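Peer 1: quick one, structure for this:
(chains A and B)
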Amino acid sequence: MNAPDRQAFEDLAYPLLDSAYRTALRMTGQPASAEDLVQEAFMRAFRGFAQFQRGSNFKAWLFRILTNVFLNDYRRKSREPQTADFSEAEPADHSAGSPAIRAEEIEAIRTHLGDELSRALDRLPSDFRLPFLLSTFEGFSYKEIAEILEIPIGTVMSRLFRARRMLRSELLEYARASGYLKDQKPS
Amino acid sequence: MNCRDTRDRLERYLDGELEMEANLEVVGHLEACSGCASVFEGERKFLDEIRRHGEGPPAPAPLRGRIERAIAGDASPARPWPFARAFIPAAAAAILVALFVSVFSVGTAAASPDSIAHQAVAWHDGRSAAVVPLSSGPELASYFSSKGSKSCLHEKLVTAAMNYGYQSGCVEKSGPAGDVTCWWTAACPKSGCRMTHACFKAPPGLDRVWPPGQGLRTIPVGNRTVIMGHGNGMVCLFVMDNRGEADRLTLAINTPRD
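Peer 2: The predicted structure is shown next:
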């Protein structure tokens, strides 16, 4: 790769280092593994930079590589089981009938659940965690997530919505068990 | 638009995924329906809290340097990774078998010196695993420690006697003996020759075919040469690019140093 190309790659890639690391950390759960994962993804992106279509979405392209390295090289070696595809059996109207989250529940999450949120995120199966991370923290659209994860957009939506419900339910259950929320049954 | 249709669009509305017309319908309904407005507001606040608490830390400062070094090494066929200049006096290294220092889990695969040598050469030539650019003994030691492992580094032998510079390290869960293996690589800036070193727990059964403490074995594999030691329950080996460098290493190992 010649020098201007390398400069172009670095100008695009390094501003995304924090985002890539945060996502990698949520994927692997281990700082050292996250660093290795990000480094490998950046190396592959650098080597494949000629295939990147200039003017298209570099962040989505880089995160697709990051995700592929994670799914192919890291998850395969880990003990995490593949998630059963039960999410696809969800009804289409994902949100219909969702109960309102109450003000005191928001308050309990806001004041007490920082650490538990981290643990609850780590407990999500990666099939659900990845769409959630990409949407919630990285702001990718459903279409971009579908391209990054190479799954249909409907699957992105069902997994994302389900991940949010799982997270919410876990956090509120924890808040009740810990006494931060009282006298209300889980809604 | 009724409440059910509106709530069906809750997620897509909050994620900004609705077409303009559908979006306006939701906005219109929320203005008129306090029940739905409260559901939407609760969900929005919930997601805001998740974002606020869950964003995670920025990348550690040294990571960018590591990537830059890796890219610099990758960009040129001359592999201009920074070669080690640090020379840190270490305890005298008489022979390899005296230098095994490691704490690993129990190995499972049966292996012979030949099969270990072939796998080490395959790694040396293929570098299948992700390696981390590391250019000094302390960097390597700290890397292995961060992975919960240890490896002998043979610093005097590698940097002073052989004039090689460390290049990279790697910890693999399944190495030549099917167990956790610490790899590191080094290269000679003058000749361009490379060496790969591996350190791992001796696999079960190796004692029968190769009793420990009997000195080094030199095993040619194609153009490469593997020099291997076995003792204290550990195996430690070097893969050298060619016979000449292997001879130089053997001589260096057998030459007493201070």
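
Peer 1: which SS state does residue A:120 fall under?
Peer 2: Secondary structure state of residue A:120, per DSSP: H, G, I helix; E, B strand; the rest coil, is helix.

Peer 1: how many neighbouring residues does it have?
Peer 2: The tally of other residues near residue A:120 (other C-beta atoms under 10 Å in any protein chain shown) stands at 20. (Glycine included, C-beta is placed from N, CA and C.)

Peer 1: dump the residue contacts of it.
Peer 2: For residue A:120, the contacting residues are A:167, A:170, A:171, A:174, taking C-beta atoms under 8 Å, 6 or more residues apart in numbering or on different chains as the criterion.

Peer 1: hmm, which of those residues are the buried ones?
Peer 2: The neighbour-count criterion (16 or more other C-beta atoms under 10 Å in any protein chain shown) marks A:167, A:170, A:171, A:174 among the contacts of residue A:120 as buried.

Peer 1: correct me, but the last one touches residue A:117?
Peer 2: Read it as residue A:174. No: counting by C-beta atoms under 8 Å, residue A:117 is not a contact partner of residue A:174; they are 9.3 Å apart.

Peer 1: just to revisit the earlier point, lowest-confidence one in the contacts of residue A:120?
Peer 2: Of all the contacts of residue A:120, the one the model is least sure of by pLDDT is residue A:174, with 81.

Peer 1: which helix or strand contains the closest residue to that residue other than its chain neighbours?
Peer 2: In space, not counting the residues next to it along the chain, residue A:174 is nearest to residue A:116; the distance is 5.1 Å by C-beta to C-beta, 6 or more residues apart in numbering or on different chains. Here residue A:116 is covered by helix A:114-123, with elements defined by DSSP states H and E.

Peer 1: what's the first helix or strand after that helix?
Peer 2: Next in sequence after helix A:114-123, counting helices and strands by DSSP H and E, comes helix A:126-136.

Peer 1: and whichever helix or strand comes after that following helix with helix A:126-136, angle?
Peer 2: Secondary structure here is assigned by DSSP H and E; on that basis, the next helix or strand after helix A:126-136 toward the C-terminus is helix A:142-149. Angle between the axes of helix A:142-149 and helix A:126-136 is 140 degrees (criterion: axes from the mean of the first three to the mean of the last three C-alpha atoms, to 10 degrees).

Peer 1: tell me what helix A:142-149 is packed against?
Peer 2: Using 3 or more C-beta pairs under 8 Å, 6 or more residues apart in numbering or on different chains; DSSP states H and E as the contact definition, the elements that helix A:142-149 packs against are helix A:58-69, helix A:126-136, helix A:153-177.

Peer 1: for those, which one ends up most surrounded?
Peer 2: The densest packing among the helices and strands packed on helix A:142-149, expressed as mean neighbour count by mean count of other C-beta atoms under 10 Å in any protein chain shown, is seen in helix A:126-136 with a mean of 23.

Peer 1: chain center to it: distance?
Peer 2: The gap between the average C-alpha position of helix A:126-136 and the chain average comes to 3 Å, counting by C-alpha atoms, centre = their mean, to the nearest Å.

Peer 1: that one close to chain B?
Peer 2: Yes: if you take C-beta under 8 Å from any C-beta of the partner chain as the test, helix A:126-136 does meet chain B, through A:135, A:136.

Peer 1: who's in contact with that helix?
Peer 2: Under the contact criterion C-beta under 8 Å, 6+ apart, helix A:126-136 has outside partners A:23, A:26-27, A:63, A:67, A:70-71, A:75, A:80, A:82-83, A:87, A:121-122, A:124, A:140, A:142, A:144-145, A:148-149, A:156, A:159-160, A:162-164, A:166-167, B:15, B:47, B:50-51, B:54.

Peer 1: are any of those buried, and which?
Peer 2: In terms of neighbour count (16+ other C-beta under 10 Å), the buried residues within these are A:23, A:26-27, A:63, A:67, A:70-71, A:75, A:87, A:121, A:124, A:140, A:142, A:144-145, A:148-149, A:156, A:159-160, A:162-164, A:166-167, B:15, B:47, B:50, B:54.

Peer 1: need the mean per-residue confidence for the strand or helix carrying residue B:36.
Peer 2: Applying DSSP H and E as the criterion places residue B:36 in helix B:34-54. If you average the pLDDT over helix B:34-54, you get 86.

Peer 1: again with stretch B:182-195
Peer 2: Looking at stretch B:182-195 alone, the average pLDDT works out to 91.

Peer 1: in that stretch, what's buried?
Peer 2: Using 16+ other C-beta under 10 Å as the burial criterion, the residues of stretch B:182-195 that qualify are B:182, B:183, B:184, B:185, B:186, B:187, B:188, B:189, B:193, B:194, B:195.

Peer 1: quick check, central residue of chain A?
Peer 2: Most central in chain A under C-alpha atoms, centre = their mean is residue A:133, positioned 2.1 Å from the mean C-alpha point.

Peer 1: what is the helix holding residue B:36 packed up against?
Peer 2: Using 3+ C-beta pairs under 8 Å, 6+ apart, helix B:34-54 sits against helix A:103-112, helix A:114-123, helix A:126-136, helix A:153-177, helix B:3-8, helix B:10-14, helix B:20-32.

Peer 1: distance to residue A:32 added to those helices, as JSON lines?
Peer 2: Shown next, in JSON lines, are the helices and strands packed on helix B:34-54 (distance: least, C-beta to C-beta, whole Å):
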{"stretch": "helix A:103-112", "distance to residue A:32": "30"}
{"stretch": "helix A:114-123", "distance to residue A:32": "16"}
{"stretch": "helix A:126-136", "distance to residue A:32": "18"}
{"stretch": "helix A:153-177", "distance to residue A:32": "26"}
{"stretch": "helix B:3-8", "distance to residue A:32": "43"}
{"stretch": "helix B:10-14", "distance to residue A:32": "35"}
{"stretch": "helix B:20-32", "distance to residue A:32": "44"}
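
Peer 1: quick one, the helix holding residue A:116 and helix A:153-177 angle?
Peer 2: 140 degrees.

Peer 1: just the CA trace of helix A:114-123, in CSV.
Peer 2: Output of helix A:114-123 as CSV, limited to C-alpha atoms (Å, rounded to 0.1, in the frame of the first residue of the first chain):
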residue,chain,number,x,y,z
GLY,A,114,-24.3,0.7,36.8
ASP,A,115,-22.3,-2.4,37.5
GLU,A,116,-25.2,-4.8,37.1
LEU,A,117,-25.9,-3.3,33.7
SER,A,118,-22.4,-4.4,32.7
ARG,A,119,-23.0,-7.9,34.0
ALA,A,120,-26.4,-8.1,32.4
LEU,A,121,-25.0,-7.0,29.0
ASP,A,122,-22.2,-9.7,29.3
ARG,A,123,-24.8,-12.3,30.0
